[in-house]
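**Student:** mind looking at a prediction? Sequence and model below.
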Amino acid sequence: MFNLILFGPPGSGKGTQSEKLIAQYGFKHLSTGDILRAEITNQTELGLKAKSYMDAGQLVPDEVVIGMVDAAIMANPGVHGFLFDGFPRTKAQAEALDNLLMSHESHIDLMLALDVPDEELMARMLNRSKTSGRTDDADPAIQQKRINVYKNETLAVAEHYRHLDKVVHINGLGSIDDIFAALAAEIDARD
Ligand code: B4P
């Protein structure tokens, strides 16, 4: 089993690169953003709770997200490996993930961290808002809030895995194919 975290600020290309990594390596994709948006579309109780946080550019509470990931791991025994996309986003989520994987006699093998400057993130989110219909993409004040949350709460996750010697930084600027090639080279060196 090879478990990968694709890490980066909002709009850095995690979802975009995840699709290509899954096609190439057959990972089981686990995107907390996608799961939360599906809950909103289906108007579940969880979705209704999550929507107010997401629209405001805030993180959904840890216990909600950790419960979702726990259920997704339990529902997929015997997979070749998970690709965690947009999770963990806090130190508490990282510790919970390590414990969940340990209970399945597994662990995180690698974190690939996409580095993209703030101005480019803002431009990409604004551009995505034209087609995504995502309310959290269109407003520059919400975009800035999301970037601030990333710096204040999520960067600690990279620090957590850096101490475990699991983190490789990848330049997230450039063509989608070139960035994918850089990500794939790191996986190929380990898988
Ligand atoms: P996510 O769904 O994780 O999304 P994201 O960070 O906004 O985007 P991503 O990095 O996947 O960017 P994409 O590939 O689409 O989170 C949304 C919200 O959900 C969070 O704010 C939070 O409220 C909540 N949430 C999710 N997980 C949570 C957790 N664990 N805990 C608590 N709350 C959680 O790329 C962006 C755009 O750039 C696209 O339009 C794409 O086409 C473009 N693009 C990609 N690569 C490019 C490139 N190389 N050059 C130019 N453009 C590029």
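**Tutor:** Done, it's in.
**Student:** what packs against the lowest-mean-pLDDT helix or strand in the chain?
**Tutor:** When the helices and strands of the chain are compared on mean pLDDT, DSSP states H and E, helix 135-138 comes out lowest with a mean of 87. Applying 3 or more Cβ pairs under 8 Å, 6 or more residues apart in numbering; DSSP states H and E, one finds that helix 135-138 contacts helix 45-55, helix 118-132, helix 140-149. C-beta here means a position set from N, CA and C on the backbone, and glycine is covered the same way.
**Student:** hmm, the longest one touching the ligand?
**Tutor:** Yes. Using Cβ under 6 Å from any ligand atom, helix 118-132 comes into contact with the ligand via Arg124, Asn127, Arg128.
**Student:** so what's the closest residue in space to the first one that isn't next to it in sequence up against?
**Tutor:** Which is Arg124. The spatially closest residue to Arg124, leaving aside those adjacent along the chain, is Gly11, at 4.4 Å (Cβ to Cβ, 6 or more residues apart in numbering). Taking Cβ atoms under 8 Å, 6 or more residues apart in numbering, we find Gly11 in contact with Val116, Leu121, Met122, Arg124, Met125, Arg128, Asp137, Gln143.
**Student:** may I ask which of these comes out lowest in pLDDT?
**Tutor:** Going through the contacts of Gly11 one by one, the lowest pLDDT turns up at Asp137, 90.
**Student:** list the contacts of that residue.
**Tutor:** Going by Cβ under 8 Å, 6+ apart, Asp137 touches Gly11, Met125, Leu126, Arg128, Ser129, Gln143.
**Student:** Ile170 against Leu114, yeah?
**Tutor:** Yes. The criterion here is Cβ atoms under 8 Å, and Ile170 meets it with Leu114 at 5.6 Å.
**Student:** so what sits against both of those two?
**Tutor:** Contact criterion Cβ under 8 Å, 6+ apart; residues shared by Ile170 and Leu114: Ile179.
**Student:** closest approach to the ligand from the chain, which residue is it?
**Tutor:** Gly33 (1.8 Å; Cβ to the nearest ligand atom).
**Student:** sorry, back to before: can you name the two of the contacts of Gly11 that sit furthest apart?
**Tutor:** Greatest spatial distance among these (Cβ to Cβ): Val116 and Asp137, at 15.2 Å.
**Student:** still on that earlier bit, wasn't the residue nearest to Arg124 part of a helix?
**Tutor:** No. Using DSSP: H, G, I helix; E, B strand; the rest coil, the assignment for Gly11 is coil, not a helix.
**Student:** how far away is it from His163?
**Tutor:** In this view, Gly11 and His163 are 27 Å apart by Cβ to Cβ, to the nearest Å.
**Student:** which residue packs closest to Gln24, ignoring adjacent ones?
**Tutor:** Once flanking residues are discounted, Gln24 sits nearest to Ala184: 6.5 Å by Cβ to Cβ, 6+ apart.
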